[in-house]
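Undergrad: Output the structure for:
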Amino acid sequence: MGEFRAIRWEEITVPAGRFRALRIFHYGWGYTMEYWYAPKVKNFVRMERYGRWLRDNGLVEELMWFRSGNNEEGVK
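TA: Here you go, the predicted model:
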């Protein structure tokens, strides 16, 4: 299962826009993950995964767009 740690609040920019997000660090047996959770989106806006189970140097996922009420933000 590993260990989770909330690191700090940060401003992060992804294709969907700029967000205030909580940076969360997770490490377990053979892998490391970092998440940025944005309350405005109620989800992660960025995830980074590293470890021996990945074939390359890692994997990064970012939120491309989201819709909040009548507003749509991000890459079209």
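Undergrad: beta partners for the residue nearest the centre of the chain?
TA: The residue lying closest to the centre of the chain (C-alpha atoms, centre = their mean) is Arg46, at 2.2 Å. Note on Arg46: beta-bridge partners by DSSP bridges are Trp36, Glu62.
Undergrad: low pLDDT regions in the chain?
TA: 1, 52-56, 69-76 (pLDDT under 70).
Undergrad: the strands in it, which residues?
TA: Taking DSSP state E as the test, the strands found in the chain are 3-14, 17-28, 31-38, 43-51, 59-62, 65-68, 71-74.
Undergrad: circling back: surely the residue nearest to the centre of the chain touches Glu10?
TA: No: contact criterion C-beta atoms under 8 Å: Arg46 and Glu10 do not qualify, at 10.0 Å. No exception for glycine: its C-beta is placed from N, CA and C like everyone else's.
Undergrad: what residues are shared contacts of these two?
TA: Ala21, Trp36 (C-beta atoms under 8 Å, 6 or more residues apart in numbering).
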